[in-house]
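**Student:** what's the 3D shape of this:
(one chain, ligands or ions: 1)
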Amino acid sequence: MSRFFAGLDVSTQGCKLVVVDLDTEDVCHVEAINYDTDLPEFGTRDGVLQNLGEGVSESDPRMWLEAVDRLLGRLAASDVPVVGEIRCISVSGQQHGLVALDAGGDLARPTSKLWNDYSTAEECEILTEKVGGPAAMIEAVGNSQRPGYTAGKILHLKRHEPEAYERSATLFLVHNYINWYLTGGVAVMEPGDTSGMALWNPATGAWSREVIDAIDVSLLEKLPPIRPADESIGKIAPALVERFGFPPDCKVDAGSGDNMYGALGTGNVREGLVTVSLGTSGTACCFMKEPFIDPQGEIASYCDSTGHYLPLLCVSNLANGYNEMLRLHELSHSEFDAIIKRTSPWEGGRLLIPWFGGERTPDLPWATPVYFGFTLDSMTRENLCRAVLEGHVLNLHAGFTRMPVQVEELRLTGGLSRSAAWCQAIADIFEADAVPVKGEGAALGAALHAAWVWLKEEGETPPLQELVEPFVVLEQDRRKTPLPENVAIYRKMKEVFRGLSRRLRGLDGEDPFRLRAEALR
Ligand code: XUL
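**Tutor:** Predicted structure coming up:
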């Protein structure tokens, strides 16, 4: 009998299923669903419902279940691997999304607010004030209270839709909801994703009484218990055994957030490695043995999915500006790369701060983009393409300067890691080698986690690194090393970005006009 393990990644724009064969160390099945094109009946664009109002980002959780069903159906129809030999399945989910269920297991609210919803800024302010200010909030939950995190979404539901809040019996994060479906009703959480609620403290491993009380003294009754990350939570539901042919003893493990599993899927299980994900959001995270709390709360303090910690930077603007640029100018990815090739770093001293739809880091829910150093005749396609690329990478890097890590290597994942232009800009601006990781990111991480948990429960204790490494393929031929001439230019550009960004936020900062003029001289 083979030993197959499955990983599902339920992300913002689509859903992916990966199956690994532990004995041959192969990824033997990959299938994906794109919500927009494969499930048009849900009416999403980039996986999100349209026209809900400024700052609102929501999806219908039934769309995720439909995607999971279709993927399991395709798996059942394929011969390799044999579904009947899948030993354990694990779910990765976009973080922070709030799924509210009533006592009968129906949705108490038909849609779910996602990680990139900014409509809860007021609730975050209320919570922070009630708890005693930003420092007290960080003390309470290891994180600042930011739109995007889940606590503000819960308070928003209570304030704006009190009936739906009252009807809610269980509040889930996205992957908990999928686990509940797969197991036929097991309602639990685990530390990785839960630390992104800003309601539970990853350093102490406890719910924050202060934040809970600031929302509703009885809130705990709606929150499922937290189970360890490295255990199974139950078996696959009999109905799914019947429909898809899983073995009845196939386990479902605790699962986690997509960042925790993105780290596993890129082999980020030791200190010094940084996973940079270039997707809808831009993230950078690193494995740590001890919790890291950023006194300013810009770096998120999360647990990982292995009993350790995963400080994470998340900027909410990344693929959006770039994709819009491609759409607007009808460019393919390779045409964009060609434009970057024929222009040069920081050409003409133009700089774009890409806060297209508010920004998570820095915490600016009302932000708009800023075009700096552009003249009337320089708004050309070429200049804008370069400015978008550099702006996104500089914005990511600006947050990254607060990460507690000596970078040995940046491991790139997500759609944009396919682009040579992006990889080179990241290496030059972060001043470290950047290597794309082939493969399936968070879904692969999920499948490997399933294997790890299953082996542990069978009495084997495989070192995680040994288990993960054979599956993690670094694309060495696409590795980018920082180019000294670009590094020198980007150091100056970073100063201007920082000066401009700080002044826009009313903080002390060097005069960006003077810095720019001196750099161009
Ligand atoms: C992390 C975050 C995003 C989502 C994307 O805090 O909000 O990376 O997890 O799915």
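**Student:** quick check: residues of this protein near the ligand?
**Tutor:** Taking CB under 6 Å from any ligand atom, the part of the chain that reaches the ligand is made up of 11-12, 94-96, 115, 148, 196, 257-259, 281, 283, 300, 312, 314. Where you see a C-beta, it was placed from the backbone N, CA and C, and this is true even at glycine.
**Student:** end-to-end on stretch 222-236?
**Tutor:** End-to-end distance of stretch 222-236 (CA to CA, to the nearest Å): 24 Å.
**Student:** that stretch: which residues count as buried?
**Tutor:** In terms of neighbour count (16 or more other CB atoms under 10 Å), stretch 222-236 has its buried residues at 222-224, 226-227, 229-230, 232-236.
**Student:** would you map the strands across the stretch 101-250 of the chain?
**Tutor:** For the stretch 101-250 of the chain, the strands defined by DSSP state E, counting those that start in this stretch cover 112-113, 168-172, 200-201, 206-207, 232-235.
**Student:** picking that back up, ok, the residues of the chain next to the ligand vs Ala338, which is closest?
**Tutor:** Using CB to CB, Ser281 comes nearest to Ala338 of these, at 26.4 Å.
**Student:** got a list of what Glu31 touches?
**Tutor:** 16-17, 71, 74-75 (CB atoms under 8 Å, 6 or more residues apart in numbering).
**Student:** check contacts around the nearest residue to Asn34 once chain neighbours are set aside.
**Tutor:** Nearest residue to Asn34, sequence neighbours excluded (CB to CB, 6 or more residues apart in numbering): Gly14, at 4.5 Å. By CB under 8 Å, 6+ apart, the contact list for Gly14 reads 32-35, 38, 47, 67.
**Student:** inside strands: which ones of the residues you listed?
**Tutor:** Using DSSP state E, the subset of the contacts of Gly14 located in strands is 32-34.
**Student:** put the buried members of the residues of the chain next to the ligand into a ChimeraX selection.
**Tutor:** Here is the ChimeraX command that selects the buried residues among these (16+ other CB under 10 Å):
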select :11,12,94,95,96,115,148,196,257,258,259,281,283,300,312,314
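**Student:** which of the residues of the chain next to the ligand fall within helices?
**Tutor:** Among these, the members found in helices (DSSP state H) are 258-259.
**Student:** give me the lowest-pLDDT entry from the residues of the chain next to the ligand.
**Tutor:** Minimum pLDDT across the residues of the chain next to the ligand is recorded for Ser281, with 86.
**Student:** measure it to Leu312 for me?
**Tutor:** 10 Å (CB to CB, to the nearest Å).
**Student:** quick one: the helices in the stretch 351-500 of the chain, in order.
**Tutor:** 381-400, 420-430, 441-457, 464-468, 484-504 (DSSP state H, counting those that start in this stretch).
**Student:** and the next helix or strand past the least confident helix or strand in the chain by mean pLDDT?
**Tutor:** For the chain, counting by mean pLDDT, DSSP states H and E, helix 319-328 ranks last in confidence among helices and strands (a mean of 92). Later in the chain than helix 319-328, the nearest helix or strand by DSSP states H and E is helix 333-342.
**Student:** next one: that next one to chain centre, how far?
**Tutor:** 27 Å (CA atoms, centre = their mean, to the nearest Å).
**Student:** now do the buried residues in that helix.
**Tutor:** Residues of helix 333-342 classed as buried under the neighbour-count rule (16+ other CB under 10 Å) are 333, 336-337, 339-340.
**Student:** try stretch 85-103
**Tutor:** So, applying 16+ other CB under 10 Å, buried residues of stretch 85-103: 85-101.
**Student:** OK, contacts around Asp26?
**Tutor:** Applying CB under 8 Å, 6+ apart, the residues near Asp26 are Val20.
**Student:** please apply the same query to Ala169.
**Tutor:** With CB under 8 Å, 6+ apart, Ala169 has these contacts: 101-103, 108, 222.
**Student:** which residue packs closest to Ser232, ignoring adjacent ones?
**Tutor:** Leaving aside its chain neighbours, Ser232 sits nearest to Lys251 (4.0 Å; criterion: CB to CB, 6+ apart).
**Student:** would you agree the one you found is in contact with Arg87?
**Tutor:** Yes: at 6.8 Å, Lys251 and Arg87 qualify as touching, with contact defined as CB atoms under 8 Å.
**Student:** joint contacts of the two?
**Tutor:** In terms of CB under 8 Å, 6+ apart, Lys251 and Arg87 are both contacted by the residues 450, 454.
**Student:** SS state for the closest residue to Ser78 other than its chain neighbours?
**Tutor:** Distance criterion CB to CB, 6+ apart; nearest residue to Ser78, sequence neighbours excluded, is His29 at 6.3 Å. What DSSP: H, G, I helix; E, B strand; the rest coil gives for His29 is strand.
**Student:** now His29: how far from the ligand?
**Tutor:** 23 Å (CB to the nearest ligand atom, to the nearest Å).
**Student:** what number of residues lie near that residue?
**Tutor:** 21 (other CB atoms under 10 Å).
**Student:** is it true that it touches Val19?
**Tutor:** Yes: using CB under 8 Å, His29 is in contact with Val19, at 3.9 Å.
**Student:** which residues do the two both contact?
**Tutor:** Overlap of the contact sets of His29 and Val19 (by CB under 8 Å, 6+ apart) consists of 75, 81.
**Student:** show me which of the buried residues of helix 333-342 is closest to the ligand.
**Tutor:** Taking CB to the nearest ligand atom as the measure, the ligand lies nearest His333 of the buried residues of helix 333-342, at 21.1 Å.
**Student:** can you pull the contacts of the closest residue to that closest one other than its chain neighbours?
**Tutor:** Leaving aside its sequence neighbours, His333 sits nearest to Ser419 (CB to CB, 6+ apart; 5.9 Å). When contacts are counted by CB under 8 Å, 6+ apart, Ser419 touches 333, 336-337.
**Student:** Ser419 and the ligand, how far apart?
**Tutor:** On the measure of CB to the nearest ligand atom, Ser419 and the ligand end up 19 Å apart.
**Student:** can you give me the buried ones in stretch 101-113?
**Tutor:** In stretch 101-113, counting by 16+ other CB under 10 Å, buried: 101, 107-109, 111-113.
**Student:** I misspoke; the intended subject was stretch 72-89.
**Tutor:** 72, 75, 81-89.
**Student:** same deal with stretch 401-417?
**Tutor:** Buried, per 16+ other CB under 10 Å, within stretch 401-417: 402-403, 405, 407, 410-417.
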